[in-house]
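Trainee: Attaching a predicted model along with its sequence, questions to come.
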2 protein chains.
Amino acid sequence: MFAEPETTAPAMTAVLAAVLTGGPLSRVALARRLGLSQAAITRAAQPLIKRGYLRELAATERSGPGAGRPASPLAIRPDREFFLGVKITADELIGVVCDLGARVRAAARRPLTGTDVEHVLTELGALVDELLDGPGNLRARTRRLGLAVSGDVHRPTGLVRYSPFLRWHDVALQQRAEQLTGLAVTVENDVKALTIAEHWFGDGAGAESFALVTVGTGIGCGLVVDGKLVSGAHGVAGEIGHLGVDVNGPPCHCGGRGCVEAIAGTDAIVGRARERSGRPDLTFDDAVALARSGNVRINAVFAEAGLAIGCGLAAVANLVGPARIVVSGEGLAAYDLFDEHIRTGFERQAFGAAATCPLTIRPLPFEQWARGAATVSIQTFVTS
Amino acid sequence: MFAEPETTAPAMTAVLAAVLTGGPLSRVALARRLGLSQAAITRAAQPLIKRGYLRELAATERSGPGAGRPASPLAIRPDREFFLGVKITADELIGVVCDLGARVRAAARRPLTGTDVEHVLTELGALVDELLDGPGNLRARTRRLGLAVSGDVHRPTGLVRYSPFLRWHDVALQQRAEQLTGLAVTVENDVKALTIAEHWFGDGAGAESFALVTVGTGIGCGLVVDGKLVSGAHGVAGEIGHLGVDVNGPPCHCGGRGCVEAIAGTDAIVGRARERSGRPDLTFDDAVALARSGNVRINAVFAEAGLAIGCGLAAVANLVGPARIVVSGEGLAAYDLFDEHIRTGFERQAFGAAATCPLTIRPLPFEQWARGAATVSIQTFVTS
DNA sequence: AATCAATACTTGACGAAGGAAATTATTGAG
DNA sequence: CTCAATAATTTCCTTCGTCAAGTATTGATT
C-alpha cells in the first residue's frame, strides 16, 4: 500500500489482513483481536475505507441485555482490486483471476509442450492476456500476479533455485515475468502458496498454527507456526513425505526406508497394486476401480497408504501441534478409499490432546493451486 | 527491568539478550544483528551499563586493511545478579544458583520422601536457604527463582495443571513458592526449561530455530522455531517420543504402535533386553554392561533404539528444519552404545539438506535440569 | 418524552521508540 | 599532520499507538 500522510501503516496491514481472513469485524472486535486500542483501529481503518478496500456494513442488531450503540462492522470490498495467480506444472499452466476476497472470477488453462523457460514465459504471457482481456474488464483493476512453482523458490527475489519437475536451475522468474506482463510478480513454492491460501481464506483462517498436507505423486506439507510459514534453517521443512513410519518398509528413492511417500505416494500405490494384482500395466485409476469393486488385496494397499499418511499427520500434530490440519491433493481423488484409514492412523499415533486436532480431508480442485498463487500476490499486496 | 525515563525498553531487552547469548559484541555488531540503528543500541546500552549489567571491554585490535576507531565490545557482568533454579523430581530436589551468564555458582540436592505439595514446599524452602546462605553471600544479589517440573505447566500463571510423576493437579506453585521464599518465581515445564537453557547458553545459542531431545524413561523434545518455543495449539508439542517409526512395532502405553519411546525409552530397552536375554530381573545398567561386553542380542536392542531415535530426529529435521539438534538425557549415560546408531537412523531418514543439520549427542549432567530452571528465571528477568 | 446506562466510535494531546544524519572519537596509512 | 575508515554519540524528527475525554446511537426506565 502507498504510504500517505496521517496514516499508520503497520496497523493498516493488520486490520486489512484481519478483515480479510476473519470476515466482517467491528472496530472493537478488531481492537481486541489485534491487541490494539480502538483509537488505533479507527485511524487505520479510515484510509482503507477512503481508498475503497473496506466498507462499513449496516449496524447489526444488538445482542446483550443492556443497550449501546450498535457496531458497524468493517467488510472488504472484494471488487476493489483483482489478483492473478498461475500455477506452473510440467505440462500446463493453470491461471485464475481472484478478487481481494480470493474468490475466483476467471480461470483458464494452457497446455505446455515443454518446460524450457522461454516457452513457458511465452505461454504465460498469452494466458495472462487471455484472462485479463476476457469478460469483465479485469485488466484495469489488476496489478499483481502470483506464480506457484514446485521446487526450491526464493520468494524475496523471485528466483527459482531448482525445480526438478520443470528442470529449472536459477531462473529469475519474477524479473522475467514482470518484464513480460508489466505486473508486480511474486513467486512462491506451490505447496507454500496453497498453505497460505488455506491459512488466509480456507479452513485454517484465523488459526495461529496450521498444517496443510498434499497427497499426490509427492507428499508435501506446509506448516504455519505462530502465524508464520515455517521454512527450515537448511531450506527443508514440511517434508512429511519422507518421515519414516516403517523401519522395515520399502526403500524410498530418497535413500530412506518406509517413508510415507514410498507407501502412500501415487507412484508407490500403483507399484504396490501392480505387484499384488500381478498386472504390470495397472494404472492408478485401475487400482482405484479395483479397490472400489471390493478387491481385498488392492484395498489393503490403500489402507496401508492411508495409515501411513495418518501416521505422518500424527507426527505433525505431536511435534508442532497445529490448531488444525487440512489434507488435500490430487491423490485424494480416491478420497473415499483413504479417509477412514487416514483417521485411523492419525488417532492411533496422535498423543494425548494432539488427537483432538481437527482433521479436514478433502480433495481440492486443481484450480486451487492457481488460487494459492493468487493468494500469495494478495498477501504481498496487503503486507507491503 | 524497571522502566526509567529516557529509555527504550524493547531495545534494552534485545541488547541484553543478544549479549547474553552471543558473547561480547560491539554496538555496530549488535545493530546489524538486531536490525536496529547504531543510535538505538547506544541508547539501549547506556542504562544497562549504568545499572551494572553490561560493561565495555577494552578495544580489540582492528581487522580490516584500513583503519577506523576500534570497537569496544559490550560484555555482561555475570556477578551483577544471581538466579536460583530448582528441578523438582519425584524423589529429590536439585537446586543451583547461577550467575547472569548461567554459570553454576552453587549446587545442592535434597531428597524427598513424598511428592505431596506441602512436603515439597517445605524442602524447597530449606534448599533455597541452604543455597543462599552458603558461601559467597548470594542472598543479597538473588531475587528470582525458576522451578522446573515435568508435566503440563502454565507458565504465565505458574500453575502446574497436571504432573503425572508428582501426581499433582492444579497446584498454584508460583504463588506458593513466592509466599514461601519471597523471591519472584517462574514455573516452567522441565523439557522446555532445558530447551531454553540450551537455546540461550548452550549449543543452540544464537540459532533462530533449534531442537532439544531428551532421552530417558520418556523421550521428549523442546522445539524453538523463529526464536520462540513451540507450544502447540492443543497444548501438545515436541512429543517426539510418540512418533510412530514402525507400524508393526511394539504397542506403546499411549495406544500407538512402534512409538520411539516404546523402542528407545529406558523402560522399553530394559523390557526388550529381559526378553532377549531371558533374565527377567535385568536392570538397565545390566543391559548396558552386557552390551558393552559384546553381547550381540543386547547390542541389537540398543542399535534398534538408536535407530528409532535417529528416525525421530530426522522427523524433526524434515518437518521443522531446526538449525541444530541437541540430544541429551539420562538415557545417554550409555552414550557410546547409542551414538553411532542415532546418526545412522538420522542420516537414513533425513531428507536432502535436512541431513546437514548438525547433531550434538551428549549426555548432560543431571544438574543441567536445575540450570535450565535458573535460565528460565534469567529469561523472565531479561524479557520483563 | 426525558433521562440513563451501555456500548461503539472519534478526536486531541502525549509519550515511547527508533531512524537519519551530522558530530565526535580513535585508529592506521601515507 | 592529514586523510580515510570505522565506531560511538548526539540532535532532531517521524511514526506509531496509547490514554482520556468526548460524541454517537441504542434499549430500558422513569
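Mentor: Looks like it came in fine.

Trainee: Where does pLDDT dip in the stretch 101-250 of chain A?
Mentor: By pLDDT under 70, the stretch 101-250 of chain A has no low-scoring segment.

Trainee: Show me the helices in it, by range?
Mentor: Here the stretch 101-250 of chain A has its helices, by DSSP state H, counting those that start in this stretch, at A:117-132, A:173-181, A:190-201.

Trainee: gap between the shortest one and the chain center?
Mentor: So the one you mean is helix A:173-181. With Cα atoms, centre = their mean, to the nearest Å as the basis, helix A:173-181 stands 23 Å off its chain's centre.

Trainee: Which strands or helices does that helix pack on?
Mentor: helix A:117-132, strand A:142-149, strand A:159-163, strand A:184-189 (3 or more Cβ pairs under 8 Å, 6 or more residues apart in numbering or on different chains; DSSP states H and E). In short, each C-beta sits where N, CA and C put it, glycine included.

Trainee: on that earlier part again, want to throw the helices of the stretch 101-250 of chain A into a markdown table with mean neighbour count?
Mentor: Listed next are the helices of the stretch 101-250 of chain A as a markdown table, based on neighbours: other Cβ atoms under 10 Å in any protein chain shown:
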| stretch | mean neighbour count |
| --- | --- |
| helix A:117-132 | 17 |
| helix A:173-181 | 18 |
| helix A:190-201 | 26 |
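
Trainee: Those: which one's closest to A:F210?
Mentor: Comparison of the helices of the stretch 101-250 of chain A against A:F210 by Cβ to Cβ identifies helix A:190-201 as nearest, at 5.1 Å.

Trainee: can you map out the strands along the stretch 151-300 of chain A?
Mentor: According to DSSP state E, counting those that start in this stretch, the stretch 151-300 of chain A carries its strands in the segments A:152-154, A:159-163, A:168-171, A:184-189, A:210-215, A:219-225, A:228-229.

Trainee: what's the most buried one of those strands?
Mentor: For the strands of the stretch 151-300 of chain A, the largest average neighbour count (mean count of other Cβ atoms under 10 Å in any protein chain shown) is found in strand A:210-215, namely a mean of 29.

Trainee: For that one, which strands pair with it and how are they oriented?
Mentor: strand A:219-225 (antiparallel), strand A:325-328 (parallel) (DSSP bridges).

Trainee: what's the first one in contact with?
Mentor: With contact meaning Cβ atoms under 8 Å, 6 or more residues apart in numbering or on different chains, strand A:219-225 is reached by A:191-192, A:194-196, A:199, A:204, A:207, A:209-214, A:229-230, A:237-241, A:260-261, A:264-265, A:309, A:312, A:316, A:320, A:322, A:329, A:331, B:225-226, B:230, B:319-320.

Trainee: ok, now stretch A:191-199?
Mentor: A:21, A:85, A:87, A:102, A:146, A:148, A:150, A:153, A:188, A:204-205, A:207, A:210-212, A:214, A:220-224, A:229, A:238, A:326, A:328, A:364, A:368-369, A:371-376, A:379.

Trainee: tell me the domain ranges of chain A?
Mentor: Split into domains by automatic domain parsing, chain A comes to A:9-76, A:81-196+A:368-382, A:206-364.

Trainee: Show me the one of those that comes nearest B:S384.
Mentor: Between the domains of chain A, domain A:9-76 lies closest to B:S384; by Cβ to Cβ that is 18.2 Å.

Trainee: Do a quick rundown of the helices in the stretch 251-384 of chain A.
Mentor: A:260-264, A:266-277, A:284-292, A:296-320, A:335-349, A:367-382.

Trainee: Turn these into CSV, including distance to chain B.
Mentor: As requested, the helices of the stretch 251-384 of chain A are arranged in CSV below (distance: least, Cβ to the nearest Cβ, whole Å):
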stretch, distance to chain B
helix A:260-264, 9
helix A:266-277, 14
helix A:284-292, 20
helix A:296-320, 4
helix A:335-349, 4
helix A:367-382, 18
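
Trainee: Can you tell me which of the ones you listed is most buried?
Mentor: By mean count of other Cβ under 10 Å, those have helix A:260-264 as the most buried, with a mean of 28.

Trainee: nearest spatial neighbour of the residue in the stretch 151-300 of chain A that chain B sits nearest to, skipping sequence neighbours?
Mentor: Of all residues in the stretch 151-300 of chain A, the one sitting closest to chain B is A:G232 (2.3 Å; Cβ to the nearest Cβ). Spatial nearest neighbour of A:G232, chain neighbours left out: B:G321 (2.3 Å); criterion: Cβ to Cβ, 6 or more residues apart in numbering or on different chains.
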